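K.L.:
sequence and predicted model, in that order:
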Amino acid sequence: MTGPTAHVDLAAIGDNISSLAARAPHSAFLLAVKSDAYGHGMLPVVEVAREAGASWFGTLDTDTGFALREAGVREPLFAWVHGRATDFAAAAEAQIDLGIQTMAQLEAVGASAARTTPRVHLKIDTGLHRGGIDVPQWDAFVRRALELQAAGRLQVVAAWSHLSDTSIEVDRSSAVDFLAAVAHARALGAEFELLHLGASTALIELPEAHLDLVRVGIAAYGISPVHESARELGLRPALRLTAPVLESVGATALLAVGYGDGIQSEPSDEAFVALAGGRARVLDVGPDVTTVDASGLDAQVGDTAVVFGPGDDGEADAEQWAIWGGTVGDEIVTGLTRRVARSWSGRQAL
């Protein structure tokens, strides 16, 4: 290899899903596969997730849903971010459930003239303020959805929301607000097949938010969404980023990876990679090359440095790189660019 490679351990993802699903045994498990399964490769991940117990997939947008349908995926799909160009009719005909967050979206679905009745999940904002209908407008929103349902233009199948994850206390209060909104909707005549509220954090910390469906994203890939580390939660990071040594002169080595590949351009002075049996501190990250301090290490051209991974070779994990970069673990793995080669190992490697 002449450049960086992202090695994906599919078995780790499967094990993580099984472990997380066991925390909510009475809830269906939706795996979020947005952003190419957080940089892990959507189609290989879907294969192993299906075996591990995921019965739904969350696609963020309908285009990702179309790609899964074209690949032969038949499980229920849920898309919840829509723009002006979203083809709601095509989504309904592809049997993609739609998360509806505004009155305008609701009207657009109702006017889509889909040959298959669109299935919609009505979202109420319980405090995150990232989409959803405000509480004062909720009753009017539900009434309009039921009018469109009575006219045969859509089917109301679920109510849902996002939690803010600011604290357990705040999320618990939001869960109460959500269930109150559901009760209001039912009093108006809504009959929901599904209620879903909790994502990765709530799955781990808030059992009362599990409901009919849990939506799990980054935790399934072995990155913790809470204060405890992935290791403390019994999860294994599934992605390992490596890069070959291009040059080793004196106390420094040049690695074939840079911010053009998606790693943090200005990590803290504590950042290091695993190299030649030790830790090499990062001195500079350029667009294509990273310079590290290889003092005391027998680093040779062609050796492999591990930038981040599960820690098997003494490397930092993505969570630690997120701390060094002042960001979150999601960004570390999803930020890897297309020029980074991918490889897969473990069960059902494709």
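P.N.:
Right, received. Where do you want to start?

K.L.:
max-length helix in the chain?
P.N.:
The single longest helix within the chain, with elements called by DSSP state H, is helix 168-187.

K.L.:
name the residues that touch that helix?
P.N.:
Contacts with helix 168-187, where a contact means Cβ atoms under 8 Å, 6 or more residues apart in numbering, come from 122, 124, 126-128, 135, 138-139, 142, 159, 161, 163-165, 192, 195, 197, 201-202, 205-206, 208-209. For glycine as for every other residue, the C-beta is placed from the backbone atoms N, C-alpha and C.

K.L.:
filter the residues you listed down to the buried ones.
P.N.:
Neighbour-count burial (16 or more other Cβ atoms under 10 Å) is assigned, among the contacts of helix 168-187, to 122, 124, 126-128, 138, 142, 159, 161, 163, 165, 192, 195, 197, 201-202, 205-206, 209.

K.L.:
what about the residue nearest to Ser229 when sequence neighbours are not counted, distance to Gly309?
P.N.:
Spatial nearest neighbour of Ser229, excluding adjacent residues (Cβ to Cβ, 6 or more residues apart in numbering): Glu319 at 6.4 Å. As for Glu319, its distance to Gly309 is 11 Å (criterion: Cβ to Cβ, to the nearest Å).

K.L.:
neighbour count: these two, which is higher?
P.N.:
More crowded of Glu319 and Gly309, by other Cβ atoms under 10 Å: Gly309, with 23 against 19.

K.L.:
now the spatially closest residue to that one that is not a sequence neighbour, what's its secondary structure?
P.N.:
Excluding its sequence neighbours, the residue lying closest to Gly309 (Cβ to Cβ, 6+ apart) is Arg240, at 3.3 Å. What DSSP: H, G, I helix; E, B strand; the rest coil gives for Arg240 is strand.

K.L.:
ok, how many other residues are close to Arg240?
P.N.:
Arg240 has 24 neighbours, counted by other Cβ under 10 Å.

K.L.:
now do the contacts for it.
P.N.:
Taking Cβ under 8 Å, 6+ apart as the criterion, Arg240 is in contact with Ala6, His7, Asp9, Val306, Phe308, Gly309, Pro310, Glu315.

K.L.:
check which helices and strands the helix or strand containing the residue nearest to Ser229 sits against.
P.N.:
Assigned by DSSP states H and E, Glu319 belongs to helix 318-325. Judged by 3 or more Cβ pairs under 8 Å, 6 or more residues apart in numbering; DSSP states H and E, the packing partners of helix 318-325 are strand 304-308, helix 329-334.
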